[in-house]
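In: quick one: sequence and predicted model below, then my questions.
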Amino acid sequence: MISTTLAAAAFGADPGCWPLPAARNADELLLRAVAAGGQGRYSSAHADLAELLRAEPRGRRISLAMSTRASFHRQLGWHAQARGWDGRALALAGQDPESGVDALIGLAADALGLGRLAVSAALLNRVDGLMEAAGSLAPRLAIRLAWVSSELAMAAGEGADALNHAQRARELAAQARPALCRHRVKSEVVLAAALCSSGDLAGSRAVADAALADTQSHGLVPLRWALACLLADIGSSAHTGAEVVDIRDLSATFITRHGGRLSSR
């Protein structure tokens with residue numbers, strides 16, 4: 001029952017579940033950390049990952065744990081720190097396709113955040129090859145690949161490609177319902193950004209406003225903060241400018257109080 005609850009919080013239909021039950025084994029520690037990080041409860045997430053790393057110094061699960069820790073740094077804007085953890089994750093992945101792809105996608109996102117677009121593109125090309133060779137992997141990996149591909153296209157000024165990848169992420173997340181609720185909401189965040197980058201501010205505003213409501217329902221504070229940052233720039237149809245700023249600032253305060261440190265970049 002505990003594993004079912006934690007799986008639903010980490011990768012299922014209940015990402016806002018809190019308090020989370022205590023983990024009894026390494027798999028549950030990883031699930032608990034993923035769920036807590038998605039809510040912005042970074043102190044709790046890092047504590048669970050630290051316990052997992054003490055218990056198992058190497059292997060597939062540790063590779064996934066390091067990719068998870070990297071994602072927390074990246075969510076907060078610390079791409080250089082994330083790169084170190086993703087590099088360790090890749091070194092420990094061995095022949096396991098899921099953890100290897102997870103680490104490579106993370107490294108591509110890290111490179112993108114550091115302005116190294118060519119490196120990011122090369123890493124994504126490696127992912128494409130591994131996905132084809134490995135066959136059917138976890139649906140979340142295909143969604144993550146679409147996210148980073150969209151973000152790379154945005155950074156390169158390729159609005160049509162950015163939209164195509166973002167819409168692909170949305171479709172994949174919709175196919176996974178009711179599972180991967182957090183991935184579905186994140187896909188809306190990426191789509192809103194892609195619409196904005198392509199000049200469709202009305203479309204971006206509509207998607208972002210709807211997703212903002214979902215972040216409230218599901219307790220996804222880091223995504224709520226990201227959406228409020230976007231809406232503070234382009235305006236909201238559902239909230240006043242002051243309300244959006246309050247949502248942004250309250251989300252940032254929650255993150256800070258729960259062990260996160262937002263980059264000023």
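Out: Structure's in. What do you need?
In: show me where this protein has its helices.
Out: Per DSSP state H, the chain has helices spanning 2-11, 26-38, 42-55, 60-75, 79-93, 97-113, 117-134, 139-155, 159-175, 181-197, 201-218, 221-234, 241-257. These are given in chain order.
In: distance to Ser264 and mean pLDDT for those - can I get that in TSV?
Out: All C-beta atoms are positioned from the backbone trio N, CA, C, and that covers glycine. As requested, the helices of the chain are exported to TSV (distance: least, C-beta to C-beta, whole Å; pLDDT from 0 to 100):
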stretch	distance to Ser264	mean pLDDT
helix 2-11	29	94
helix 26-38	21	97
helix 42-55	17	95
helix 60-75	15	96
helix 79-93	13	97
helix 97-113	14	95
helix 117-134	22	87
helix 139-155	19	96
helix 159-175	25	97
helix 181-197	20	98
helix 201-218	22	98
helix 221-234	13	98
helix 241-257	11	98
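In: export the ones you listed to CSV and append columns for mean neighbour count and distance to Trp18.
Out: Output for those, formatted as CSV (neighbours: other C-beta atoms under 10 Å; distance: least, C-beta to C-beta, whole Å):
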stretch, mean neighbour count, distance to Trp18
helix 2-11, 19, 8
helix 26-38, 24, 8
helix 42-55, 18, 9
helix 60-75, 24, 17
helix 79-93, 20, 25
helix 97-113, 24, 25
helix 117-134, 15, 33
helix 139-155, 22, 21
helix 159-175, 19, 22
helix 181-197, 24, 14
helix 201-218, 19, 11
helix 221-234, 22, 11
helix 241-257, 16, 12
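In: ok, Ala8 touching Leu20?
Out: No. In this structure, Ala8 is not within contact of Leu20 by C-beta atoms under 8 Å, at 10.4 Å.
In: now tabulate the helices of the chain in TSV and tack on distance to Ser263.
Out: Converted to TSV, the helices of the chain look like this (distance: least, C-beta to C-beta, whole Å):
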stretch	distance to Ser263
helix 2-11	25
helix 26-38	16
helix 42-55	13
helix 60-75	9
helix 79-93	8
helix 97-113	9
helix 117-134	18
helix 139-155	16
helix 159-175	23
helix 181-197	17
helix 201-218	20
helix 221-234	12
helix 241-257	11
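In: give the contact list for Gln175.
Out: Contacts for Gln175 (C-beta atoms under 8 Å, 6 or more residues apart in numbering) come out as Pro139.
In: mind checking how far it is from Ala210?
Out: 19 Å (C-beta to C-beta, to the nearest Å).
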